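**Q** following is a predicted model, sequence given first.
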Amino acid sequence: MSSPDQPVPFTADDYRARMTRAAESADAAGLAGVLVAPGPDLVHLTGYRLPAETERLTLLVLRAGQDPVLVVPALEAPDAERATGAPALTLRDWTDASDPYALTAGLLDGQGRFGVSDNTWALHLLALQQRLPGTSYASLTAALPMLRAVKDAAELERLTAAGAAADAAYEKILGVRFSGRKETEVAADLAAFLTESGHSQVDFTVVGSGPNGAVPHHEAGDRTIERGDMVVLDFGGLKHGYGSDTSRTAHVGEPTAEEQRVHDVVREAQEAGCRAVRPGVACQDIDRAARAVITGFGYGERFIHRTGHGIGVTTHEPPYMIEGEEQPLVPGMCFSVEPGIYLPGRFGVRIEDIVTVTEDGGRRLNTTSREMAIVE
C-alpha cells in the first residue's frame, strides 16, 4: 500500500525491465547499443544518482542480448552497489591508475552506431571514439526520443503526488502579501511552500511582475511588486525523484478589462490544448490546438515558445509539444500544456498544467483554479 508521502519503491526488477527495454529499443532502431552517463537517463534506468559534473568516467553500457554493465570509478563503487538498480547489473570498476576508456572499449565490438545520453561529456566521448574509430554516436533524444517518455504506474503515482504538492504550494502563496515586496521575497515564500509540501528539490520559482512577466524565463528579481501588476508564477521541483511544474497568473488588485481579456484568451487556449490530448494524436497537434486560439484572437506573435515539454525524473525532457513533432501520444506520456501571451514592457500571462495521456484522453495532474487569482 502506498501514499503520496510513501510511494511504492522501485525494485531491481523494475530497473532490469527498463534497461532491457532500452537495449531492445536501441536494437530495433538499428543501434549497436546505448551508453548512458550520469544524469536523468542513468537515474531512470538504474536508480543511481550522482553528480553529472564528475570528471571520472561513469558509463552504463546496454546492448541487446547482453547483461547491462556499469563502468564506475573504484572509489564510487560502494555507492553504486547500494543503488536500487545495482542488483540488476554488473559493476566494472577502475582505478585512477588505469584506463577506463580501454575498459569500456572492451565491452563494445569496435564497430557500429551507439546512442549516447545527451549530457555525456565530450572529454569522455572523444576519448572512447579515439580507441574505437570504427564507431559513431547519436544523441539519445534524437535516436530514442521515447526512452523515458512513457511512465509506468509507479512513476505516475509519483508525478501525481508532485503535482498535488505544487498545487498545495500555490494555494498557500495566494495568502501572502505581494504588493510592496520584491519578487525575490515572494519567490522565497514559494520555495518554502514547495519544501513544506514535500519537495526534496526546488528547481525554479518564477515570479514575473508587471513588465517582467512578459519575459517567459524571467525568474525573480529585485523589482518591487506594485498594486495593479499582473504576476506570472511558474514553479516546480522534485518530489520522490519526480517533477512538478505548474504556472498560474495572479493580479495585485482588480485587473483592467484588457488584462482580464488576455488572461481569458490564455485560459481558453490552455483548455483547448488539454482537450486535444488523446492517444494517437501527434505532439504537434497539442501545440496547434492551443496556438490556434491565441492566433484567432490576434495574439499569435506574442506566443513565443512551445506549448509543452515532457516531465519525469527532470522537469524538462522529451517529448515536446511543438510544430514539427509528429510523435504520436500514447498512454503514460506526461507533459506540460502551457500557452502564454507576452506583451513586451507591459505584462504576460501563462497557465500551465501537467497532463498524462490516458486510454481515452488526458488527465490533468494540476487541479487548482485557472481563473485569474486576485492577491493583495
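**A** Cool, got the structure.

**Q** which residues touch stretch 364-372?
**A** Outside stretch 364-372, the residues within contact range by C-beta atoms under 8 Å, 6 or more residues apart in numbering are 159-160, 162-164, 166-167, 170-171, 246, 248-251, 255, 259-260, 263, 267, 270-271, 274, 334, 351-356. Every residue, glycine included, has its C-beta placed from N, CA and C.

**Q** can you give me the buried ones in that stretch?
**A** Residues of stretch 364-372 classed as buried: Arg364, Leu365, Asn366, Thr368, Arg370, Met372 (neighbour count, 16 or more other C-beta atoms under 10 Å).

**Q** what about the third one, which SS state?
**A** Judged by DSSP: H, G, I helix; E, B strand; the rest coil, the three-state class of Asn366 is coil.

**Q** tally of neighbours for the spatially closest residue to it that is not a sequence neighbour?
**A** Excluding the flanking residues, the one nearest Asn366 by C-beta to C-beta, 6 or more residues apart in numbering is Asp353, at 4.2 Å. As a burial measure, Asp353 scores 27 neighbours (other C-beta atoms under 10 Å).

**Q** Asp353 touches Thr246, doesn't it?
**A** Yes. Applying C-beta atoms under 8 Å, one finds Asp353 in contact with Thr246, separated by 6.4 Å.

**Q** show the average pLDDT along stretch 149-165.
**A** Mean pLDDT, computed over stretch 149-165, is 95.

**Q** quick thing: my sequence starts at 11, can you match it?
**A** Happy to do that; since the first residue is 11 now, the last one works out to stretch 159-175.

**Q** show me which positions of it end up buried.
**A** Across stretch 159-175, burial judged by 16+ other C-beta under 10 Å covers 159-161, 164-175.

**Q** can you tell me which of these are in helices?
**A** If you go by DSSP state H, the buried residues of stretch 159-175 have Ala164, Glu165, Leu166, Glu167, Arg168, Leu169, Thr170, Ala171, Ala172, Gly173, Ala174, Ala175 in helices.

**Q** do you know how far the nearest residue to the fourth one once chain neighbours are set aside is from Thr56?
**A** In space, Glu167 comes closest to Pro17 once its chain neighbours are excluded; the distance is 5.5 Å by C-beta to C-beta, 6+ apart. For Pro17, the distance to Thr56 equals 18 Å [C-beta to C-beta, to the nearest Å].

**Q** between the two, which one's more packed in?
**A** Set Pro17 next to Thr56 and count neighbours by other C-beta under 10 Å: Thr56 wins out with 25 against 18.

**Q** ok, the more buried one - contacts?
**A** Taking C-beta under 8 Å, 6+ apart, one finds Tyr25, Met29, Leu70, Leu80, Ala93, Thr94, Gly95, Ala96, Ala98, Leu99 in contact with Thr56.

**Q** and what of Val186?
**A** Val196, Asp199, Val385.

**Q** repeat for Asp51
**A** Ser127, Asp128, Leu150, Leu157, Arg158.

**Q** for these, which two are the farthest from each other?
**A** Asp128 and Arg158 (11.4 Å; C-beta to C-beta).

**Q** what comes up buried for the lowest-mean-pLDDT helix or strand in the chain?
**A** In the chain, no helix or strand scores lower on mean pLDDT, DSSP states H and E than helix 87-92, which sits at a mean of 87. Under the neighbour-count criterion of 16+ other C-beta under 10 Å, helix 87-92 has Ala87, Ala90 buried.

**Q** show me what the very next helix or strand once past it is packed against.
**A** Scanning forward in sequence from helix 87-92 by DSSP states H and E, the next helix or strand is strand 100-104. If contacts are counted by 3 or more C-beta pairs under 8 Å, 6 or more residues apart in numbering; DSSP states H and E, strand 100-104 sits against strand 79-83, helix 87-92, helix 110-115.

**Q** for the ones you listed, give me a markdown table that also has distance to Asp297.
**A** Below are the helices and strands packed on strand 100-104 laid out as a markdown table (distance: least, C-beta to C-beta, whole Å):
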| stretch | distance to Asp297 |
| --- | --- |
| strand 79-83 | 38 |
| helix 87-92 | 40 |
| helix 110-115 | 39 |
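
**Q** for Phe214, find the nearest of the ones you listed.
**A** Closest among the helices and strands packed on strand 100-104, using C-beta to C-beta: helix 87-92, at 27.8 Å.

**Q** off-centre distance for that closest one?
**A** How far helix 87-92 lies from its chain's middle: 26 Å, per C-alpha atoms, centre = their mean, to the nearest Å.

**Q** what does it rub up against?
**A** Tyr58, Leu60, Thr68, Leu80, Val82, Ala96, Leu101, Asp103.

**Q** pLDDT check: weakest of those?
**A** Ala96 (71).

**Q** so it is in contact with Tyr58, correct?
**A** Yes. In this structure, Ala96 is within contact of Tyr58 by C-beta under 8 Å, at 7.0 Å.

**Q** who's more crowded, those two?
**A** Tyr58 (24 against 20).

**Q** okay, and that one sits in which element?
**A** Going by DSSP H and E, Tyr58 is not part of any helix or strand.

**Q** can you give me the domain assignment for the chain?
**A** Per automatic domain parsing, the structural domains of the chain span 22-153, 163-385.

**Q** quick check, pLDDT for the residue of the chain most remote from its centre.
**A** Going by C-alpha atoms, centre = their mean, the residue of the chain most distant from its centre is Ala107, 37.5 Å out. We have a pLDDT of 91 for Ala107.

**Q** how about the one 4 residues further on?
**A** Model confidence at Tyr111, given as pLDDT, is 95.
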